[in-house]
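[1] next comes the sequence, and after it the predicted model I'd like to discuss.
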Protein chains: 4
Amino acid sequence: MSTPTLRDPVFTLTSGPVDAYPAVLRGLSRTIHYDYDPVFLAFYERVNEKAQAAMRLSTPPVILHGEPVLGLEAAAASLIARDDVVLNLASGVYGKGFGFWAKRHCAELVEIEVPYNETIDPDAVAAMLKARPDIRIVSVCHHDTPSGTINPVEAIGRIVAEHGGWLIVDAVSSFGGMDVHAEDCHADIFVTGPNKCLGGAPGLSLLGVSDRAWTKMKANPDAPRASMLSILDWEQAWRRDRPFPFTPSVAEINGLDAALDQYLAEGPEVVWARHALTARACRAGLQAMGLALWPAREEIASPTTTAVRVPDGVADADLRRAARERYGVTFSSGRGETLGKLVRIGHMGPTAQPLYAVVAISALGGALGALGHAVDIGRGVAAAMAAIDAAG
Amino acid sequence: MSTPTLRDPVFTLTSGPVDAYPAVLRGLSRTIHYDYDPVFLAFYERVNEKAQAAMRLSTPPVILHGEPVLGLEAAAASLIARDDVVLNLASGVYGKGFGFWAKRHCAELVEIEVPYNETIDPDAVAAMLKARPDIRIVSVCHHDTPSGTINPVEAIGRIVAEHGGWLIVDAVSSFGGMDVHAEDCHADIFVTGPNKCLGGAPGLSLLGVSDRAWTKMKANPDAPRASMLSILDWEQAWRRDRPFPFTPSVAEINGLDAALDQYLAEGPEVVWARHALTARACRAGLQAMGLALWPAREEIASPTTTAVRVPDGVADADLRRAARERYGVTFSSGRGETLGKLVRIGHMGPTAQPLYAVVAISALGGALGALGHAVDIGRGVAAAMAAIDAAG
Amino acid sequence: MSTPTLRDPVFTLTSGPVDAYPAVLRGLSRTIHYDYDPVFLAFYERVNEKAQAAMRLSTPPVILHGEPVLGLEAAAASLIARDDVVLNLASGVYGKGFGFWAKRHCAELVEIEVPYNETIDPDAVAAMLKARPDIRIVSVCHHDTPSGTINPVEAIGRIVAEHGGWLIVDAVSSFGGMDVHAEDCHADIFVTGPNKCLGGAPGLSLLGVSDRAWTKMKANPDAPRASMLSILDWEQAWRRDRPFPFTPSVAEINGLDAALDQYLAEGPEVVWARHALTARACRAGLQAMGLALWPAREEIASPTTTAVRVPDGVADADLRRAARERYGVTFSSGRGETLGKLVRIGHMGPTAQPLYAVVAISALGGALGALGHAVDIGRGVAAAMAAIDAAG
Amino acid sequence: MSTPTLRDPVFTLTSGPVDAYPAVLRGLSRTIHYDYDPVFLAFYERVNEKAQAAMRLSTPPVILHGEPVLGLEAAAASLIARDDVVLNLASGVYGKGFGFWAKRHCAELVEIEVPYNETIDPDAVAAMLKARPDIRIVSVCHHDTPSGTINPVEAIGRIVAEHGGWLIVDAVSSFGGMDVHAEDCHADIFVTGPNKCLGGAPGLSLLGVSDRAWTKMKANPDAPRASMLSILDWEQAWRRDRPFPFTPSVAEINGLDAALDQYLAEGPEVVWARHALTARACRAGLQAMGLALWPAREEIASPTTTAVRVPDGVADADLRRAARERYGVTFSSGRGETLGKLVRIGHMGPTAQPLYAVVAISALGGALGALGHAVDIGRGVAAAMAAIDAAG
């Protein structure tokens, strides 16, 4: 059946934005309170406390009022001083991209780059830090979404901590979908947001900031102040007795509150388990259909996004269009270097439910068939179901 | 994976209530206007016009403010006079059930009853009307939901019309999901509601009422008046210049408005096509897994509900519980005589999307496997996908 | 400024429906669950528990799935047996109206009727019961909304209890806005609903039913069964392990849950206090403008609706239209006998906030002025503010 | 009556955020679509078209994904080159504040500053431009919210245009509430947002950008690129066939769409009229109570915010707290230099309804009385009502 393109999708199985949980959508429709109303001031403090609990931080997080690229750009601009040497770890398009921001602010940018279906080897980081003791800041993308791969940030964090460096971690599309927390990986700035695995809306950044990051930023004369890019401006903004640097995005805070409630009420471990299982079932099904995962090894495949290679002779845009038009299923493409090479199936928040793996496999398999690249959908679904049942 | 029972369902694939379209949920949250506010009076008239358009009626429908059992009970109480002979056509639990209401009000109840996996033969109706020329009212359930079967109401309607009788049609769970309209089947009272194929909320009845039904009801001294069960009270209530007999369910009207907009904007024919295709794919998949449909023949199977026989040795409650707990998928059971014998998969409104057939097959197949009755899910899904692709 | 009639109202200050609390509107937009999903069954039980807590009942209430006229009609049809003598207490249009329903079912209807700006004298009830020891059922409307007057139901209830009769109380538009509870007034059936002082949506009835009412209804062969009008059908429906007689209005239950949460969280005493204060301020303001209250004495004036006499020479429809068109304020008219004689200002749920009295006085005063009946709005508002401040 | 501080406000009469229109709240709860879904791409283009229509622009506006301080900071950073001389016009805290941003980017900052209860004289601008022909950019705040005053931007714009300069206009809190449009005032960058008079949520900036502004920004090597602060990145983003620089705030776009629909459907002229009338009534009432407006002359008072001087001997924080606690009414304080000197009453979007003037006057009057500064509320309300009625 050919669904015209402009019909609403039936299943949005992307790497984000994904549709939000129903409770988040209702949260977004709550009364817009005046930001200095005592009710809002107390509410904002409470939302910060919930975010702190969810992120398992010892100190309150910072909420920045733009989607996580704001958090990442602000982290680069705030933490990196003009005399810093920065080591950027690039195992994908997003990790590589952070280097461009870092370069604007630092004295020298050093990189470790690996193929974009691989992950960073902590030993290589250790070796580089030994070779370049002047490196002061290390940046890494935990889940490089355009590759669907997970870097070993805890091991990297230990090494950076021993080195005495500062670590910036981009955990935008992994936090909330797996066990990754700022303090476990010694992150000094840890950036995430509500719109991926928390099943919220795009429009906010959540930052875990260490005490030494605050110290370094305050000492940095170039760190943005009185600016949308400032982290420093917001240090005390979580407190009900302190002013906001500018008007917070009230509706987004309302939505974030609902997303955090959902996450904490369901239980983080339960949430992570369904992300992991959905991804495992999806990988099993894709491989059973004869498709190849993009990550070099299954151990580094993300539990929140499954990247699958586009078979030779198939154009990825045609593939995604066929899935969308025939079945109403939206997938993500690659980005930059991975564009055209892979298709991404997101497992995030409300879509991290095992049976969505079956939906993804059927739609991807059907779309491949429609493009003349027949695969055995039945075999794929059977393998996915077996993976789900094995977890029973 | 064992999902505890009290977690929210992931997929509600029942014969209703189904979850409403997102636009309907937002509709339900609109301002509650005072019923005599000029804005509400005009809005109520407009909603009636939309319902008239959707139901393809020549005159305004009646909205009763309770779920369709109200519409059905009110139809029996209003149209049937104490000296009427009623022919009730029973091909299932709901059709049979209407007879109990009819009996309360009529002089004599005659029935044609067939096995509950069969449908009514119009010739049998013709024969009965010939044998009993005193029959004045005929009642039939178009889609007997507990059986998932569709009665030939258009043919029956022609026969009743020729006979000069009045026809009551229960189209609660078919209207909006297939091509069935009051005037096409010469129905005098045609009862439906927003919560099945229109993807709305339960809480209202929609009645198409013919001119001769109005005449008969007005002449019936026992027809309820000044009562929740009255149809007569509401004859003029659609008009902005007339009072309501009692306070209408404002939120339900708000939701109905959104459901009608959705139906008319998408296009009834498009909506019916996706109901039909979803059911066809579902039946193909179930049969490919070796399961038997409940309806005696596929031609009489409903496009809005697929009833599948529970295999010998499997308890239907265990089966539904396994699907719910393992996969988060909720199915409907049978009712009354069909309870325990079948499981029902609804294709209604937002769930009438072909890929939901794949979800249903996987969950039902997986649940059967978990209960020791292994089926070939892969084969089932492949067959469903083939059916979907054949419609391409 | 002339606001065209069809613009949305700015303030709906009616005796209901009033707009719902924002949290209720969001509640109405929650997922529509399948009624037999375990999540919904448990939820329905929990909502009943909350309703029981709010109504301060010893046993679970009954929720009927239609607006409170259903509850009232069902109470008459269920409790009154064909050999019962019923005493109906009529101090207004609604109380009088109940008599018509009662008459349908009883052997004899006796009434005490007082002018519709007065209330029932408990001594008169005692005298009547003494004179007619065969009276078995007494019915009374607590707040006769079309008059804005409050009957002394606790005193009446004591008398009926001593007499050994059964008492039906209509508390639709008072419960939730003042201290009135079924057991405090020895009510055997106590009918209310979510859409007045609870700030919910119309579409449900809430019934407190005493043990002896259950006994009497079960013994009544004419009590509706298998009917929309049945109370008996629903006796066990609140239990998660029992079936529903028919599909409950899921969205309305979602909304009711939110309304009960709001009521219980704010605290009933706090809620009643703001209803009372708003009404007090409103009465003070109206009288200061030289207008006369409809109730014969201020002590019997309702805290949830203020009925004000329309001055001579002013047509009530013109008055309401002027308030609506000039200021966007919607008031209620009278009903039946009180129609044309008074205008009603509701103080219910979200509109039971003292400053709404100022809004009402200004709009009513302005509308009177526009019709050539100038009043001193400033004096009215000052008096209302003084009443509010006196409560400080 | 003492309402505890943490109860929700009853009326939010601030200069923003104000609560959004109900339709906007529902808009915010729409499905979160994947940004590259064809449905979202087409929708985003359509929202831009609506914004263009509302802003009466010849070319598409730019939507930036942060509240309007982002738009203002981005305008300064993008348009001002390092060799530019900037003339900043400061008649209030916000106008003055823009100078700090401008200073970061320009060669020299020149200012015309007037007392913060005054407005800029176009002749002074003409004189300055004559004296300093090297001035290339002029910046002005149309409605300096902390003062509640309106600058003559059309006259200023003509002068700047004749001079050949570029003009930046901050119309954040005036656009949508009065007749002010980018092209009418020859603005090269015109910044507004959805959360003031459009009755939307905070979280987006709307920018009208002239062709020559695009040219200048492109030629500016320091204009932010690949940054949250970039305007250039978004030049083509409104087109459905072009990528987004980063993920747009989908929920905010959903809300903006609803806000624009509301504005265009009601009719801009009608919307402006109710803003103007509400402000006029409010000023009349305040003055009748013996209070002084903050603006030096009534002609320069804003139709979207009324700033009233705090009487001697009253602390503004006490005054606002009393209004909030006693009546549930939230007002805005002054900011910076005006803090403590005035209280602001917003008339924006849903609160721009004449009767809200009565609410404001009553609450402010009552709060003053409670602090021992009695005023004649009745007189105030009477004057406000007279102003409203005069518009009839």
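    It's in. Residues are numbered from 1 along each chain as shown, chains lettered A, B, ... in the order given.

[2] only C-alpha atoms for contact and neighbour calcs from this point on.
    Will do.

[3] below-threshold pLDDT in chain A: ranges please.
    Confidence mapping of chain A against pLDDT under 70 gives the ranges A:1-5.

[4] which residues of it lie near chain B?
    Proximity of chain A to chain B (Cα under 8 Å from any Cα of the partner chain) is limited to residues A:1-2, A:10, A:326-327, A:353-355, A:358-359, A:362-363, A:366, A:376-382, A:385, A:388-392.

[5] switch the cut-off to 7 Å
    Residues of chain A lying near chain B by Cα under 7 Å from any Cα of the partner chain: A:1-2, A:327, A:355, A:359, A:377-379, A:381-382, A:388-389, A:391-392.

[6] of the residues you listed, buried ones?
    Among these, those scoring as buried are A:1, A:327, A:355, A:359, A:377-379, A:381-382, A:388-389 (criterion: 16 or more other Cα atoms under 10 Å in any protein chain shown).

[7] quick check: end-to-end length of stretch A:244-254?
    16 Å (Cα to Cα, to the nearest Å).

[8] and the contacts of it?
    Stretch A:244-254 has contacts (Cα atoms under 7 Å, 6 or more residues apart in numbering or on different chains) with A:27-28, A:30, A:32, A:35, A:65, A:203-204, A:233-234, A:237, D:201-203.

[9] and the buried ones among the residues of chain A next to chain B as TSV, adding secondary structure?
    As requested, those are arranged in TSV below (DSSP: H, G, I helix; E, B strand; the rest coil):
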residue	secondary structure
A:Met1	coil
A:Tyr327	helix
A:Leu355	helix
A:Val359	helix
A:Ile377	helix
A:Gly378	helix
A:Arg379	helix
A:Val381	helix
A:Ala382	helix
A:Ile388	helix
A:Asp389	helix
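
[10] just checking, A:Ile231 touches A:Ala76?
    No. With contact defined as Cα atoms under 7 Å, A:Ile231 does not count as touching A:Ala76 (10.4 Å).

[11] and chain A, what are its domains?
    A:11-19+A:267-390, A:31-265 (automatic domain parsing).

[12] quick one on the thing from earlier: looking at the contacts of stretch A:244-254, which is nearest C:Val47?
    Closest approach to C:Val47 among those (Cα to Cα): A:Gly27, at 21.0 Å.

[13] and the closest one, how far is that from chain B?
    Distance of A:Gly27 to chain B, given as Cα to the nearest Cα, to the nearest Å: 13 Å.

[14] most neighbours of all the contacts of stretch A:244-254, which one?
    When these are compared by neighbour count (other Cα atoms under 10 Å in any protein chain shown), D:Ala201 ends up highest, at 34 neighbours.

[15] thought that one was touching D:Ala20?
    Yes. In terms of Cα under 7 Å, D:Ala201 counts as a neighbour of D:Ala20; the distance is 6.3 Å.

[16] overlap in contacts, these two.
    Joint contacts of D:Ala201 and D:Ala20 (Cα under 7 Å, 6+ apart) do not exist.

[17] got the residues of chain A near chain C?
    Selection of chain A residues close to chain C by Cα under 7 Å from any Cα yields A:Arg26.

[18] just the strands from chain A, written as ranges.
    For chain A, strands defined by DSSP state E occupy the ranges A:11-12, A:62-64, A:85-90, A:108-113, A:135-141, A:143-144, A:149-150, A:166-170, A:189-192, A:205-209, A:305-309, A:329-330, A:332-333, A:342-346.

[19] adjacent strands (with direction) for the second one?
    So that's strand A:62-64. If you go by DSSP bridges, strand A:62-64 pairs up with strand A:205-209 (antiparallel).

[20] then the first one?
    Sheet pairing of strand A:11-12 (DSSP bridges) gives strand A:329-330 (parallel).

[21] give me the neighbour count for the residue nearest to A:Leu277 when sequence neighbours are not counted.
    Once flanking residues are discounted, A:Leu277 sits nearest to A:Pro354: 6.2 Å by Cα to Cα, 6 or more residues apart in numbering or on different chains. Using other Cα under 10 Å, A:Pro354 is surrounded by 28 other residues.
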